[in-house]
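Undergrad: give me a model of this one.
(one chain, ligands or ions: 1)
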Amino acid sequence: MASERQILVGGVPIGGGAPVVVQTMTKTETANLQATMEQIRTVAEAGADLVRVAVPREQDAEALRTIVRDSPIPIIADIHFNHTLALKAIEAGAHCVRLNPGNIGGPEKVAEVIELAKQKGTPLRVGVNSGSLPKHLRQLEYDNPVEALVSAAVETVELMERLDFANFKVSMKSTSVPNTIASNRMLAEKIPYPLHLGVTEAGTKWSGSLKSAVGLGTLLADGIGDTIRISLSTFHAEEEVKVAWEILKALKLREKGPVLIACPTCGRLQFDMDTVVAEVERRLEAYEDPIEVSVLGCAVNGIGEARHADFGITGAKDMGMIYSKGEPLKKVPTAELVDELFKEIDRWYAAGKKIERDDDAAAEARAWLEENEDDTQMTPERMAALEAAAAEDEAADEVLESMLAPAGNGSANGSAVQLDEAASPVAGRRFSRG
Ligand code: SF4
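TA: Purely as a prediction, here's the structure:
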């Protein structure tokens with residue numbers, strides 16, 4: 001369930017059912033205005049809704065005024081240990097301030113920051129980290145780290161409520177994926193405030209992306225989490241943004257730009273798929289609509305599994321085919337597949353997002369597909385068809401007959417299918433070889 005409460009960070013709604021907000025953090029020295037602004041613009045272009053900057057020194061707090069003024073997206077000031085910097089960040093116009101009340105110097109100093117945040121209408125992100133829980137929770141942390149994390153977060157929330165402050169979101173950071181999942185699930189049951197999700201110190205681009213996808217993806221699939229940050233050990237903060245978007249797109253929580261589908265390849269692959277997929281991915285970055293583009297490594301299975309794609313290509317050694325919504329558009333030399341794919345996409349835009357099919361070219365492509373498709377292959381789609389058909393005897397017999405018939409029409413290898421009963425999902429249940 002999404003959080004009940006909603007806050008606004010520089011006009012961006014977080015929580016209360018608003019779309020999940022993507023944020024990241026700059027890796028530059030904040031006071032280095034040129035480098036910081038360059039990175040902020042890069043992450044904004046990559047799709048960050050919000051960006052956080054570290055404010056560990058006076059000069060960083062001073063730089064905030066310019067950063068807030070010039071940034072295309074709202075700025076969150078990240079403060080640890082020093083409540084004076086938090087006050088300065090609020091005065092500088094930061095759209096949100098992140099602090100952990102447990103490390104800011106005591107309740108009086110927290111109260112001072114809250115007082116100014118109330119006056120200026122500045123929201124806060126308050127939270128706890130698994131590495132710095134209050135002393136009285138240390139034993140509990142040892143016995144039950146999830147409960148300790150949640151208790152610390154609830155205590156922080158209670159402190160905010162005692163100070164009559166509700167303009168905040170909450171984060172609980174842990175390096176452990178299972179603990180991140182369990183603690184956020186528990187906390188979401190207990191408080192109505194928006195949740196910031198992240199797996200702290202997740203790791204390199206590869207492992208960190210996977211950990212974040214598993215941890216945050218699990219929570220988001222449950223409807224838990226209102227804003228996410230992917231923490232990756234890379235200077236390129238835009239990589240964090242791209243991963244965040246892939247997670248949200250995969251869960252269909254938000255749409256942004258095209259979706260690329262590519263087969264995993266196998267021994268049937270007949271062209272340089274790696275290069276083609278990378279090139280298609282690179283060129284798709286220039287498009288904003290959530291069009292679905294599919295790349296299949298061969299036509300042996302037909303295009304059934306990519307039937308829903310707005311556009312797709314499949315290739316063989318020398319020739320390939322471009323299709324749209326499961327219907328062939330044209331046959332082209334493999335070397336021209338990518339260029340021709342993008343010509344078709346641009347033609348679709350020029351025609352007001354409509355497919356303009358050349359019937360002759362489509363017929364030629366269909367014939368090529370029939371030559372290259374192996375309709376005796378037991379593809380997942382055909383297995384599903386068999387399963388469905390198995391519900392009705394006659395239909396099942398028809399499907400089976402067509403699978404077992406000598407493959408003169410359209411079969412690539414010209415032989416009848418060898419049904420492996422041990423491997424078949426329907427083996428021993430419906431069919432006999434007779
Ligand atoms: S589309 Fe062809 S190359 Fe790709 S995984 Fe399927 S059978 Fe293999």
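Undergrad: residue ranges for the helices of this protein, please.
TA: For the chain, applying DSSP state H gives helices covering 33-46, 58-70, 83-91, 107-120, 138-143, 145-162, 177-190, 205-221, 237-250, 273-284, 337-350, 359-372, 380-389, 393-404.
Undergrad: distance of E161 relative to I7?
TA: 15 Å (C-beta to C-beta, to the nearest Å). The way it works is simple: take the backbone N, C-alpha and C, and place the C-beta from them, glycine included.
Undergrad: enumerate every residue touching the most centrally placed residue in the chain.
TA: Taking C-alpha atoms, centre = their mean, the centroid of the chain lies closest to I247, which sits 1.7 Å from it. Taking C-beta atoms under 8 Å, 6 or more residues apart in numbering, we find I247 in contact with S212, A213, L216, G217, L220, I228, I230.
Undergrad: do A35 as well
TA: A35 makes contacts with T28, E29, as judged by C-beta under 8 Å, 6+ apart.
Undergrad: again, but for E147
TA: L140, M186.
Undergrad: so which residues on the protein come close to the ligand?
TA: Residues of the chain lying near the ligand by C-beta under 6 Å from any ligand atom: C263, P264, T265, C266, R268, L269, L296, G297, C298, V300, N301.
Undergrad: from those residues, which two are the most distant?
TA: Within the residues of the chain next to the ligand, P264 and V300 form the most distant pair, 13.8 Å apart (C-beta to C-beta).
Undergrad: more neighbours: which of these two?
TA: Between P264 and V300, counted using other C-beta atoms under 10 Å, V300 has the larger neighbour count: 21 against 7.
Undergrad: what pLDDT does the model give L232?
TA: What the model reports for L232 is a pLDDT of 94.
Undergrad: give me phi/psi at it?
TA: Note on L232: its backbone torsions stand at phi -130, psi 140 [degrees, to the nearest 10].
Undergrad: just give the closest residue to it, not the sequence neighbours.
TA: The shortest distance from L232 to any non-neighbouring residue, by C-beta to C-beta, 6 or more residues apart in numbering, is to G208 (4.4 Å).
Undergrad: neighbours around the one you found, how many?
TA: Residues near G208, counting by other C-beta under 10 Å: 21.
Undergrad: now do the contacts for the nearest residue in space to I291 that is not next to it in sequence.
TA: Leaving aside its chain neighbours, I291 sits nearest to D310 (4.4 Å; criterion: C-beta to C-beta, 6+ apart). With contact set as C-beta under 8 Å, 6+ apart, D310 has these partners: I291, E292, V293, S324, K325, W348.
Undergrad: distance of the residue lying closest to the third one once chain neighbours are set aside from the ligand?
TA: The one in question is V293. Residue nearest to V293 in three dimensions, not counting chain neighbours: F311, with 5.0 Å by C-beta to C-beta, 6+ apart. F311 sits 16 Å away from the ligand, going by C-beta to the nearest ligand atom, to the nearest Å.
Undergrad: I'd say F311 and D346 touch.
TA: No - using C-beta atoms under 8 Å, F311 makes no contact with D346, being 10.8 Å away.
Undergrad: which of these two has more neighbours?
TA: Neighbour count, other C-beta under 10 Å: between F311 and D346, F311 has more, with 23 against 11.
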